[in-house]
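1. Sequence and predicted structure, then a few things I'm wondering about:
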Amino acid sequence: ALGPTQPPTHPLATAPVGAPPFSVDGFVKEFIHELNTNQGVALSRSSVNDQYLALASTVKNYLMARWLETGRKTRDAKVKAVGYLSAEYLLGRQLGNALLATDLNDIAKKGLELCGLDLVTLRNQEVEPGLGNGGLGRLAACFIDSLATMDVPCIGYGIRYEYGIFRQTFVDGRQVEQPDTWLALGSPWEFPHPEASVQVNFGGRTETYTDADGTERTRWVPEWNVLGVPYNYMVPGYLNGRVNTLRLWSAQATKAFDLAIFNAGDYAQAVRAQTFAENISKVLYPEDSTPQGKELRLQQQYFFVACSLRDFIENELEDDFDLHDLDQRIIFQLNDTHPVIAVPELMRILMDEKGFSWDEAWEVTSKCFAYTCHTLLPEALEVWSTDLLGRLLPRHLEIIYAINEQFLAEVREAYPGDELRARRMSIIAEFPERGVRMAYLSTYAATKVNGVAALHSQLLRDKVLPDFSELWPDKFTNVTNGVTPRRFVKMANPKLSELINDTIGAGWVTDLERLKELEPFAEDPEFRERFAEAKAWNKRRLTQVLRNRDGIDLPDGHLLDVMVKRLHEYKRQSLKLLHIVSLYEQVLSGKLTVDQVTPRTVVFGAKAAPGYKMAKDTIHLINKVAEVVNADPKLEGRLKVAFPANYNVTLAEKLIPAADLSEQISLAGMEASGTGNMKCALNGALTIGTDDGANVEIRELVGDKHFFLFGMSEPEVADLGAKGYSPGAYYEGNAQLKAAIDLILSGHFSGGDQHLFDSVVYNLLHSDRFMALADFQSYVDAQARVEERYADRDAWTRSAILNVARTGFFSSDRSMRDYIQRIWHTQPML
Ligand code: CGF
């Protein structure tokens, strides 16, 4: 039971929680109090970590009243909430965002100065929680930020991984992974509630029995269980007083150790159960686009959705709530198929625990979920073997079979006699082994299915799920991704934000379409000058960051050409690399004089999944090319390649605002959306890109003149694939391309070893699944147009301004409005 056992009598016990006074004095008092009482140190003896932790607690205190009030207001209003189910949240540092949301930045800066401390130093002490791989996890973080800012009730549910995405280091140019010990120095932003732990069952068998009413029922007799401990995080809205909750689950053993074994002296064996249980939330799977069908991964998925459903039903609803009306109070958004085991779990709860019939349970379940698909790559679609599922979750597998039976009956009714179609659409795949197609299960169960950019949603309908979209055209919709302008413009780009504020006022931060008002200023020389100065300031800041962080020196006055994203063949970092090698080769062979080379620094940021050999070999090659190019005096410093290790949200916030050119060069039809492309454009980088993912919409909005399009379109890619693609023909037919590849093959970048990079090069020459060679010439031509524009600095700045002014559409606030209107049908509480 929650709350006191008797009515409280002291007036303070029922008074609303107050925030500390918003004054420098009030802040200092609170900060010192936290330092003394929480950290147990005097200012004079405190470490930077103590100071950071005390500062974090101080800022939390300012948010606390609002958090408690948000919870009370939402529960009282009994409104429909969003339950965002995501295995990943790539949050980034919390302190800066919390200062922004509370408008405490200036007060904190002054207050800390009075204590002899520097806010920036303390902010840099924070280790970001890297609880995600890339776009999908960062998207979840942007979405919960937007929902809080828009006053929409939402609980984010996920996993509190003890180790997030690995820390990348380079040893002799090769990627080496280190564990991400993000919790080592304390984690001030979380509130653990072990007393509210939830039990999660696994394994065992099912049995049937007859209940007291004589109804035949099934129950699950599990074999083992773990506890899910909730850790709550604040999700503050921007200056609006709302603080939503992100609830991440950590796995714990139900009993710490076996006392009998312990007493017998076998300590290691005694804690085995604990280690086994805690493994579930130990580490984030580092695969971005190609999931591994590992048992532990399925355990993670079921673990967090079982905790989350239980939590919502037991703790967020009134005791007497009628679960037949569950859809009135929640819509669970499935962030990819990772949480879709929630569908049979809800069916199980309703039938086996709450006594619903199948039809009643399906009636409720089929209204409570919506599904976002984030991919087009067939290998990225999860399929769980029925063997594994049956072993781990026997009751759920039974329910999935029953769902499939019902589904196939609907298909057969819609297409009588079309048995081939029924087989094609079956949720259960028969080859290469019996498995559950999680995307099909999600699609059948969801009220709506969406892709993440217009082109992606169309391809999802036409190519990935054509039978489903034919049967239920209305189920499919598009919501183009977005990014939060708070973190990625206001916070990351203070100089540009100041300029925008001075020009059109401050309203753009929550109404990003207002950036349109900047358009006329592209013609104003004074505005252009200030805009260019902001970019220059960002570059100076980045120069400092990279010097301190990586020992990398950025030359002055270079075009900053940025390709930051996970390393994947479909994203085609190798195409960018071929361009660099080709520029270099042309200087070496005298085809270009050095003064014909536009001074350019190419910055890569990319992690490869640890088991993805081709991606790791590509990283090695990039680093080796960088070594040679950077050291060759023939280039007179006009071409530089920088590859800082461990690209993460914190680095992105410094790198993206400094970018001139944004590389979005995936093979058309492969990148679902991209969100780095949006962040770059919003920070005034021009895009060189294919017609892929959200690039299509960026180009439409900013206009062809201000976007460097190249490469095949998606239908052209499909055509070429159908005709038979032969990369060797492009190599033989293009002297520039051949010379670049031959330079790599000659051992020039590998100390004479002609075979070190065979895997990468021969893959390009003989397979090249993502057609880098076919798009090479078009890419090089587009780069020439980039250089031409960059030579006219004023024209470049004009284009950059128009990129900012015309990309307000890509706010995640807009994405949230789309979800609300087309999918969730929830209301802001305003
Ligand atoms: O999700 C991605 C990213 N790799 O995380 N997909 N997944 N899985 C897509 O590849 C991106 O194109 C997309 O922007 C992102 C978020 O939807």
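-> On my side now, so go ahead. Numbering: from 1, shown residues only.

2. roughly how far is stretch 335-354 from the heart of the chain?
-> 24 Å (C-alpha atoms, centre = their mean, to the nearest Å).

3. From the opening residue of it to its closing one, how far?
-> 27 Å (C-alpha to C-alpha, to the nearest Å).

4. Let me know the average pLDDT across it.
-> The average pLDDT within stretch 335-354 is 98.

5. If you count neighbours, what's buried in stretch 367-378?
-> Going by neighbour count (16 or more other C-beta atoms under 10 Å), the buried part of stretch 367-378 is 367-376. All C-beta spots, glycine's among them, are computed from the backbone N, C-alpha and C.

6. cool, stretch 557-574 as well?
-> 558-574.

7. which ones among the buried residues of stretch 367-378 are found in strands?
-> 369-372 (DSSP state E).

8. Pull the most distant pair out of these.
-> Farthest pair in those (C-beta to C-beta) is 369 and 372. Separation: 10.8 Å.

9. Need the residues touching each of these two.
-> Contact criterion C-beta atoms under 8 Å, 6 or more residues apart in numbering; residues shared by residue 369 and residue 372: 333-334.

10. before we move on, the earlier item: ok, and which of the buried residues of stretch 367-378 reach the ligand?
-> 374-375 (C-beta under 6 Å from any ligand atom).

11. closest to the ligand among the buried residues of stretch 367-378?
-> Nearest to the ligand among those is residue 374, at 3.6 Å by C-beta to the nearest ligand atom.

12. is it true that that closest one touches residue 675?
-> No: applying C-beta atoms under 8 Å as the test, residue 374 and residue 675 come out as separate, 10.7 Å apart.

13. Would you mind listing the residues touching both of those two?
-> With C-beta under 8 Å, 6+ apart as the test, residue 374 and residue 675 both reach residue 135.

14. Just give me the neighbour total for residue 755.
-> 11 (other C-beta atoms under 10 Å).

15. Tell me how far it lies from the ligand.
-> 32 Å (C-beta to the nearest ligand atom, to the nearest Å).

16. Ramachandran angles for that residue?
-> Residue 755 adopts backbone torsions of phi -120, psi 0, taken as degrees, to the nearest 10.

17. contacting residues for residue 778?
-> Contacts of residue 778 (C-beta under 8 Å, 6+ apart): 710-712.

18. Now do the phi/psi pair for the one residue in the stretch 501-650 of the chain that gets nearest to the ligand.
-> Distances between the stretch 501-650 of the chain and the ligand by C-beta to the nearest ligand atom are smallest at residue 566, namely 6.3 Å. Here is the backbone geometry of residue 566 (degrees, to the nearest 10): phi -60, psi 150.

19. for residue 212, same thing?
-> Dihedral angles (degrees, to the nearest 10) for residue 212: phi -60, psi -30.

20. what's the burial count for it?
-> Residue 212: 5 neighbours (other C-beta under 10 Å).

21. Let me know the pLDDT of it.
-> Looking at residue 212, its pLDDT is 90.

22. Could you check how far it is from residue 355?
-> 10 Å (C-beta to C-beta, to the nearest Å).

23. tell me the domain boundaries of the chain?
-> 25-77+103-127, 78-93+128-480+818-824, 552-810 (automatic domain parsing).

24. From start to finish, how long is the shortest one in a straight line?
-> With C-alpha to C-alpha applied, domain 25-77+103-127 spans 28 Å between its terminal residues.

25. Residues of the stretch 51-200 of the chain that sit close to the ligand?
-> Proximity of the stretch 51-200 of the chain to the ligand (C-beta under 6 Å from any ligand atom) is limited to residues 134-136, 139.

26. Going by neighbour count, which of those residues comes out on top?
-> Counting by other C-beta under 10 Å, residue 139 has the largest number of neighbours within those, with 27 neighbours.

27. Let me know the average pLDDT across the helix or strand hosting it.
-> Assessed by DSSP states H and E, residue 139 sits inside helix 135-149. Averaging pLDDT along helix 135-149 gives 98.

28. go on, stretch 60-67?
-> 94.

29. same check, this time on stretch 174-185
-> Rounded mean pLDDT across stretch 174-185 is 97.

30. Could I have the CA atoms of that stretch written out in PDB?
-> What follows is stretch 174-185, C-alpha atoms only, in PDB (Å, rounded to 0.1, in the frame of the first residue of the first chain):
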ATOM      1  CA  ARG A 174      41.500  -1.000 -35.500                       C
ATOM      2  CA  GLN A 175      38.400  -0.700 -33.400                       C
ATOM      3  CA  VAL A 176      38.700  -2.200 -29.900                       C
ATOM      4  CA  GLU A 177      35.700  -2.200 -27.600                       C
ATOM      5  CA  GLN A 178      35.800  -1.300 -24.000                       C
ATOM      6  CA  PRO A 179      32.900  -1.700 -21.600                       C
ATOM      7  CA  ASP A 180      30.900   1.400 -21.000                       C
ATOM      8  CA  THR A 181      31.000   1.900 -17.200                       C
ATOM      9  CA  TRP A 182      28.600   4.700 -17.100                       C
ATOM     10  CA  LEU A 183      27.400   4.000 -13.600                       C
ATOM     11  CA  ALA A 184      30.900   3.900 -12.000                       C
ATOM     12  CA  LEU A 185      31.000   7.400 -10.600                       C
END
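
31. Identify the residues contacting that stretch?
-> 49, 125, 127-130, 162-170, 283, 286, 607-608, 610, 616, 619-620, 623, 645.

32. Okay, and which of the buried residues of stretch 557-574 map to helices?
-> 573-574 (DSSP state H).

33. Next step: the buried residues of stretch 557-574 restricted to strands.
-> 559-564.

34. Tell me the one of these nearest residue 552?
-> residue 560 (12.6 Å).

35. OK, contacts around the residue in the stretch 101-250 of the chain that the ligand sits nearest to?
-> Taking C-beta to the nearest ligand atom, the ligand has its nearest neighbour within the stretch 101-250 of the chain at residue 135, 2.9 Å off. By C-beta under 8 Å, 6+ apart, residue 135 lies in contact with 374, 481, 565-566, 673-676.

36. ditto for residue 811
-> Counting by C-beta under 8 Å, 6+ apart, residue 811 has contacts 146, 482-485, 512-513.

37. Select only the buried ones of the residues you listed in ChimeraX?
-> With 16+ other C-beta under 10 Å as the criterion, this ChimeraX line picks the buried residues out of the contacts of residue 811:
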select :146,482,483,484,485,512
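
38. could the contacts of residue 811 be laid out in a markdown table, adding secondary structure?
-> Below are these laid out as a markdown table (DSSP: H, G, I helix; E, B strand; the rest coil):
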| residue | secondary structure |
| --- | --- |
| 146 | helix |
| 482 | coil |
| 483 | strand |
| 484 | coil |
| 485 | helix |
| 512 | helix |
| 513 | helix |
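
39. quick one on the thing from earlier: among the contacts of stretch 174-185, name the buried ones.
-> Buried by 16+ other C-beta under 10 Å: 125, 127-130, 162-168, 170, 283, 286, 607-608, 616, 619-620, 623, 645, out of those.

40. Which of those fall in helices?
-> Filtering the buried ones among the contacts of stretch 174-185 for helices - DSSP H - leaves 616, 619-620, 623.

41. Report the separation between the residue of the stretch 501-650 of the chain closest to the ligand and residue 165.
-> 10 Å.

42. again with residue 457
-> Applying C-beta to C-beta to residue 457 and residue 165 gives a distance of 28 Å.

43. same thing with residue 324?
-> Separation of residue 324 from residue 165 (C-beta to C-beta): 41 Å.

44. In helices, which of the contacts of residue 135 fall?
-> Short answer: the contacts of residue 135 in helices (DSSP H) are residue 676.

45. Export the contacts of residue 135 as CSV, with columns for pLDDT.
-> Listed next are these as CSV, based on pLDDT from 0 to 100:
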residue, pLDDT
374, 97
481, 98
565, 98
566, 98
673, 98
674, 98
675, 98
676, 98
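
46. so which pair among the contacts of residue 135 is furthest apart in space?
-> Longest span within those, C-beta to C-beta: 481 and 566, 15.5 Å.
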